[in-house]
Structure formats: C-alpha cells, structure tokens
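Novice: A predicted structure for the sequence below; I have some questions about it.
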Amino acid sequence: MDFRTIIYDTREHIAKITINRPERMNGYSEPMVKELMAAIDLARQDDNVRVLIVTGTGRAFCAGGDISGAPDAASRFHGHPMGHLLEMREGFHQLVLSLNRFDKPAIAAINGAAVAGGLTLALCCDFRIASDEARLGDTALKFGLLCDEGGAYFFPRVMGLDRALKMTLLSEVYDAKTAFELGLVTEVVPHAKLMERAEELARRLADGPPLAIRTAKRMMYKQQEMTLANALEDAALNVMITNPSEDVREGLRAFKEKRKPDFKGR
C-alpha cells in the first residue's frame, strides 16, 4: 500500500508505524485512520512480525482528531443526517478495535503530545514508553467535544474513575512524570533515548516464544471480564495449545543445554 500519512517498516521481527503528519501535530484524519488500520493488518498477518511499535514524527505522538478545517481533514460523512455517528463508528472506533484486538505485543513510543484520541490510541497499546518531553491528557471538552474516541472506556480503567473525571472534565494535560504517576504510561525515558528504549523492549519481546506470548496476551485481556472459575478454565484450555508446541520443547532443550532458546512460534 502507498502510505501517505504514515510510515510503515519492518526489521528483525519488529514492525514500526510512524504517524507522519507533523504539520497537523499528527492529528488523525479519515485517510490516516484507513492507513493505520491497513498497517496494523499488515503486521497482524505477517508471521515474521512479532512486535509492533507505534510512534509519531515531530512534536506530537497524536494530538487527537484534526480540527484544523483543512480539506484533507473532512469526513466523507459530512452533511449526512447521522454523519457524526457514522464518522466515529466507521472511522476511529474501528482503529481502536483493530489495535486493541492486535494479539501481538504493541508498544507506544510517545515522542510528544498524546491528547484526546491520541491518548486513547496510546492506551490501546500494551506498553507506553514516554519521552520526558511528552505531554498527555484529554482536551476534548475544551472545545465542547466529548471523549468519544474510547477515552470514556480506557481512562477510568487506567487511572481510576475520579482521576479520569478530573482529567477530562477539566481538560487537563500532564507532563510525562505526572502521567507516569497516574498510570498513563509504563515508563519515562530521556527524549533522546526514546526509540532506543522502545526497540530494546521490542527486541526482548521478539526473542520470546511468539505462540506463548500471543496466547498470554489474549488470556490477560479476556480474563479481565471473567470470573475466577472461568479464567482458570480458559487457562486450562490454552495450555492445550502451548504445552505440546515445538517452542516448549526448544525452551526445555535450551535450559538443559544452557543456551539461549531459538523460538519459532510453532
């Protein structure tokens, strides 16, 4: 696919999506949403890809929806009686679902501003490594808008309800240190070390057993909504997939031979 608003590349089992509209603070538009979903799908279908990194160019990770009024920010649903609903349901909401359902590890390397929908996008990833120059928050209500991109779901689950309400209702934006304290990011690193740290984490994940990592990720997400009994049954079913795998045999061989295992994902 000929990407125009993002950069997609793969190297050593790691796929990287770089949001590339720095002149719009990487604010998302309908074409960008389509390209992001296409890139996520490429990473999902590529068995050689084991980890995904999402980052941005310039001063922002993603500053939410592009409200500049530029022609390339216009929705195809503009003027439709149900335009606002369709714009979200058929657009950014599908992106949120696509990234949230991505069953390989996903890392957000937050290089700058991640606000409103941009923060939601980061929260869809499993790990969020933030530059010490990053700023994170929700500014939707500043414009009379709602946190309609998934924030009302993600923010309370990550921060707790009272802190999420405070951030959203007061349109607060936090520095990286405060965001870490609130649980919005996994860790904070110096800006110059951001990609180095994200890639280091990605390499460690890529060196792990792909089948077990993907299964463990699915288990943890699914079991958030289960009773303990159902969660244990889910675990018992999943070991029927992983325990007989070649990766388990390789892991045991490597342990006995005192060497690093070479996992193949089968």
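Specialist: Perfect, thanks for sending it. Numbers count the residues shown, from 1 in each chain.
Novice: which parts of stretch 52-69 are buried?
Specialist: Residues 52-58, 60-66 are the ones in stretch 52-69 that count as buried (16 or more other Cβ atoms under 10 Å). The C-beta positions use only the backbone N, C-alpha and C, and glycine is treated the same way.
Novice: of all these, which comes closest to Val248?
Specialist: Proximity of the buried residues of stretch 52-69 to Val248 (Cβ to Cβ) peaks at Leu52, which lies at 24.6 Å.
Novice: ok but the closest one is inside a strand, no?
Specialist: Yes - secondary structure of Leu52 (DSSP: H, G, I helix; E, B strand; the rest coil): part of a strand.
Novice: need the contact list for it.
Specialist: Leu52 is in contact with 14-17, 40, 43, 102, 104-107, 125, counting by Cβ atoms under 8 Å, 6 or more residues apart in numbering.
Novice: out of these, which is nearest to Gly151?
Specialist: Checking the contacts of Leu52 against Gly151 with Cβ to Cβ, the nearest one is Cys125 at 14.8 Å.
Novice: host element of that closest one?
Specialist: Of the helices and strands defined by DSSP states H and E, none includes Cys125.
Novice: I figured Asn26 was touching Thr57, is that so?
Specialist: Yes - counting by Cβ atoms under 8 Å, Asn26 does reach Thr57; the two are 7.0 Å apart.
Novice: quick check: domain ranges of the chain?
Specialist: The chain resolves into domains spanning 6-206, 210-257 when parsed by automatic domain parsing.
Novice: in CSV: those domains, plus mean pLDDT.
Specialist: Output for these, formatted as CSV (pLDDT from 0 to 100):
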stretch, mean pLDDT
domain 6-206, 92
domain 210-257, 93
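Novice: could I get those as a markdown table with distance to Lys264?
Specialist: Output for the domains of the chain, formatted as a markdown table (distance: least, Cβ to Cβ, whole Å):
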| stretch | distance to Lys264 |
| --- | --- |
| domain 6-206 | 10 |
| domain 210-257 | 6 |
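Novice: which one of the ones you listed is the most hemmed in?
Specialist: Stretch with highest mean neighbour count among these: domain 6-206 (a mean of 19; mean count of other Cβ atoms under 10 Å).
Novice: ends of it, how far apart?
Specialist: 23 Å (Cα to Cα, to the nearest Å).
Novice: spit out the contact partners of the residue nearest the centre of the chain.
Specialist: The C-alpha lying nearest the average C-alpha coordinate of the chain belongs to Cys125 (Cα atoms, centre = their mean; 2.5 Å). Going by Cβ under 8 Å, 6+ apart, Cys125 touches 52, 54, 99, 106-108.
Novice: just the ones of the contacts of Leu52 in helices?
Specialist: Among the contacts of Leu52, DSSP state H puts 40, 43 in helices.
Novice: okay, and the nearest residue to Met195 once chain neighbours are set aside sits in which element?
Specialist: Excluding the flanking residues, the one nearest Met195 by Cβ to Cβ, 6 or more residues apart in numbering is Ala109, at 6.0 Å. Per DSSP H and E, Ala109 falls inside strand 106-110.
Novice: which residues touch Thr18?
Specialist: By Cβ under 8 Å, 6+ apart, the contact list for Thr18 reads 6-8, 55-57.
Novice: now the two most distant members of the contacts of Cys125.
Specialist: Spatially, the most separated pair among those is Leu99 and Ile107, at 11.6 Å (Cβ to Cβ).
Novice: mutual contacts of those two, please.
Specialist: By the contact definition Cβ under 8 Å, 6+ apart, Leu99 and Ile107 are jointly contacted by 54, 125.
Novice: okay, and the common contacts of Asn26 and Thr57?
Specialist: Common contacts of Asn26 and Thr57 (Cβ under 8 Å, 6+ apart): 19-20.
Novice: which of the buried residues of stretch 52-69 sits closest to Pro190?
Specialist: Nearest to Pro190, judged by Cβ to Cβ, of those is Thr55 at 15.4 Å.
Novice: quick one: the closest one is in a strand?
Specialist: Yes - with three-state DSSP as the criterion, Thr55 is assigned to a strand.
Novice: gap between Thr178 and Asp126?
Specialist: Distance, Thr178 to Asp126, by Cβ to Cβ, to the nearest Å: 22 Å.
Novice: where does Glu12 fall, phi/psi-wise?
Specialist: Dihedral pair for Glu12: phi 50, psi 50, per degrees, to the nearest 10.
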